[in-house]
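Participant: with the sequence up front, the predicted model follows.
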Amino acid sequence: MREGLSTSVGASVLLLFMIGLLVVSLAEGSPEESGEKTAIIKTHSLPDVASVSDIAEVIRAANPGDVIDLPAQAFGHLNLTGVHFTEPVIIDGKAGASFSKITLREVRNLYLRNIIVKAGTTSNHLGEFAVTVMRSRGVQISDSDISWSADKDWTNDGTGMTARLSTDVVIEDTIFHHSFTGLVIRDAGDIKIRKNTFRDLRRDGINVSGTVDIDIDQNVCTDFHPERPKDHPDCIQLWNDTAIRSNENIRITANNIIRGDGGVSQGIFLAGQKPGLPHRNVLIDGNLIHQGMGQGIFLRKVEGAVVRNNIVQAAPPVEHTPVITLRAPLKDIRVEANRAARIDVAPEVLRSEVLLLNNGP
Ligand SMILES: [Ca+2]
């Protein structure tokens, strides 16, 4: 009897466990299945004693269109996973809220405005991020300030932000500073990076790989701090070294790359070590590069590019005059109406693939 009872209880526990697994797996299904919220818009003004877990709880309970006004406080790490809304929920820190980090995973339709992120120090320069957006859709970060330690030590900072395996991400009017690299976009799509400032960085401003449909427009890069001989900062670098697909449909327009009081940097750099995976369908239009390092605009491993109306000027003290550089392999490249000291076309570039028109110093 006891044995039978025990087996029956065991079977019931097993059954309950399996039902539990089924419920959990349904809850983790698509957002449509997990019941996205719809209700009346309201503004939540959180009290001054809110903790970072209170904030997470209010966000989870919010309805589409809600605005959550944060108090003027310094919070810890805001870490959200699996929060889905049918329409954007806005988190606004205009009163002066700051976080030590923000991590958003599997989030849909969440906008962050007027947020300060101060991430402290790390030795994991490329592997630790002040802001992480992962496997998410419909995320916006605007009018915000993202940094690591704002001391004079350029060797103790991580990377400002990454957006990875995510789509429909907008980053605008935000300042990235005192970081190793500013912004890393990987394996993503439908990305808009506009009107941001990248300053006081040790390496690149914006670093993109494996990404389709990206606009990089009206950003400013200035005051770089290359600290070691290997540090060659670029304002904008497109590469493919860890990518599983090409960067495609890239628009780099009206960005200002200005030396300022910092060290030299490169301007717009497209290349990659990995075989295959060329950058495809690229527009580089109306950018100003006023710097003191070679490779103002550099193209290698590109198929289909228009480079036009850019100004590439030397800013003293000049280490190498910045120019427009074309290196093989290249296909279907049009370079038109640019002002640059030189356009260097490497001898191995097929002349039939490059059209140079109306360029001058
Ligand atoms: Ca620092």
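Facilitator: Yes, it's here.
Participant: end to end, how far does stretch 131-140 reach?
Facilitator: 12 Å (CA to CA, to the nearest Å).
Participant: what comes up buried for that stretch?
Facilitator: Of the residues in stretch 131-140, 131-134, 136-140 count as buried by neighbour count, 16 or more other CB atoms under 10 Å. Heads up, the C-betas are built off the backbone N, CA and C, glycines and all.
Participant: find the closest residue to the ion in the chain.
Facilitator: S149 (3.7 Å; CB to the ion).
Participant: so what's the nearest residue in space to that residue that is not next to it in sequence up against?
Facilitator: The shortest distance from S149 to any non-neighbouring residue, by CB to CB, 6 or more residues apart in numbering, is to T121 (4.7 Å). For T121, the contact set (CB atoms under 8 Å, 6 or more residues apart in numbering) comprises 148-149, 153, 156-157.
Participant: helices and strands of this structure: which one bottoms out on pLDDT?
Facilitator: Ranking every helix and strand in the chain by mean pLDDT, DSSP states H and E puts helix 2-27 at the bottom, with a mean of 38.
Participant: past that one, which element shows up next along the chain?
Facilitator: Proceeding N to C from helix 2-27, the next assigned helix or strand is strand 43-45, under DSSP states H and E.
Participant: which parts of that following strand are buried?
Facilitator: H44.
Participant: quick one: contacts of the helix or strand following that strand?
Facilitator: Later in the chain than strand 43-45, the nearest helix or strand by DSSP H and E is helix 52-61. For helix 52-61, contacts defined as CB under 8 Å, 6+ apart pick out 44, 46, 50, 68, 70, 75-80, 83, 89, 91, 99, 110.
Participant: let's go with 10 Å and repeat that
Facilitator: 37, 44, 46-47, 50-51, 66, 68, 70-71, 73-83, 85, 89, 91, 97, 99-100, 102, 107, 110 (CB atoms under 10 Å, 6 or more residues apart in numbering).
Participant: buried members of those into PyMOL, please.
Facilitator: Remark: buried members of these, expressed as a PyMOL selection using 16+ other CB under 10 Å:
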select buried, resi 37+44+46+50+66+68+70+71+73+75+78+80+83+85+89+91+97+99+102+107+110
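Participant: out of the contacts of helix 52-61, which touch the ion?
Facilitator: Subset of those in contact with the ion: empty, counting by CB under 5 Å from the ion.
Participant: any idea how far I206 is from T181?
Facilitator: Counting by CB to CB, to the nearest Å, the gap from I206 to T181 is 8 Å.
Participant: shared neighbours, these two?
Facilitator: With CB under 10 Å, 6+ apart, I206 and T181 have common neighbours 160-161, 198, 234, 237.
Participant: would you point out the most distant pair within the residues you listed?
Facilitator: Using CB to CB, the two most remote members of these are M161 and D234, lying 16.6 Å apart.
Participant: low-scoring stretches of this protein, by residue?
Facilitator: Scanning the chain for pLDDT under 70 picks out 1-41.
Participant: can you list the residues of the protein near the ion?
Facilitator: Counting by CB under 5 Å from the ion, the chain comes close to the ion at 149, 151, 153, 156-157.
Participant: if any of the residues you listed are buried, put those into a ChimeraX selection.
Facilitator: Buried subset of the residues of the chain next to the ion, written as a ChimeraX selection, criterion 16+ other CB under 10 Å:
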select :149,157
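Participant: next step: the residues of the chain next to the ion restricted to helices.
Facilitator: When DSSP state H is applied, the residues of the chain next to the ion are split such that none fall in helices.
Participant: thinking again about what came up before, possible to save the shared contacts of I206 and T181 as JSON lines with neighbour count?
Facilitator: Formatted as JSON lines, the shared contacts of I206 and T181 follow (neighbours: other CB atoms under 10 Å):
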{"residue": "G160", "neighbour count": "29"}
{"residue": "M161", "neighbour count": "24"}
{"residue": "F198", "neighbour count": "30"}
{"residue": "D234", "neighbour count": "26"}
{"residue": "Q237", "neighbour count": "24"}
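Participant: which one of the residues you listed is nearest E227?
Facilitator: D234 (15.5 Å).
Participant: what's across from the closest one in the sheet?
Facilitator: Q266 (DSSP bridges).
Participant: got a list of what it touches?
Facilitator: Contact partners of D234, counting by CB under 10 Å, 6+ apart, are 181, 203-207, 221, 224, 257, 265-271, 293, 295, 298.
Participant: ok, now I141?
Facilitator: So I141 contacts 102, 104, 110-113, 115, 117, 131, 133, 161, 163, 169-174, 196 (CB under 10 Å, 6+ apart).
Participant: in strands, which of the shared contacts of I206 and T181 appear?
Facilitator: 160-161, 198, 234, 237 (DSSP state E).
Participant: of these, which is the nearest to K192?
Facilitator: Nearest to K192 among these, with distances taken as CB to CB, is M161, at 13.9 Å.
Participant: wait, doesn't that closest one sit right on I102?
Facilitator: Yes. Contact criterion CB atoms under 10 Å: M161 and I102 qualify, at 8.9 Å.
Participant: find residues that contact each of these two.
Facilitator: Shared contacts of M161 and I102, defined by CB under 10 Å, 6+ apart, comprise 117, 129-133, 141, 144, 146.
Participant: got a markdown table for these, with secondary structure too?
Facilitator: Formatted as a markdown table, the shared contacts of M161 and I102 follow (DSSP: H, G, I helix; E, B strand; the rest coil):
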| residue | secondary structure |
| --- | --- |
| V117 | strand |
| F129 | strand |
| A130 | strand |
| V131 | strand |
| T132 | strand |
| V133 | strand |
| I141 | strand |
| S144 | coil |
| I146 | strand |
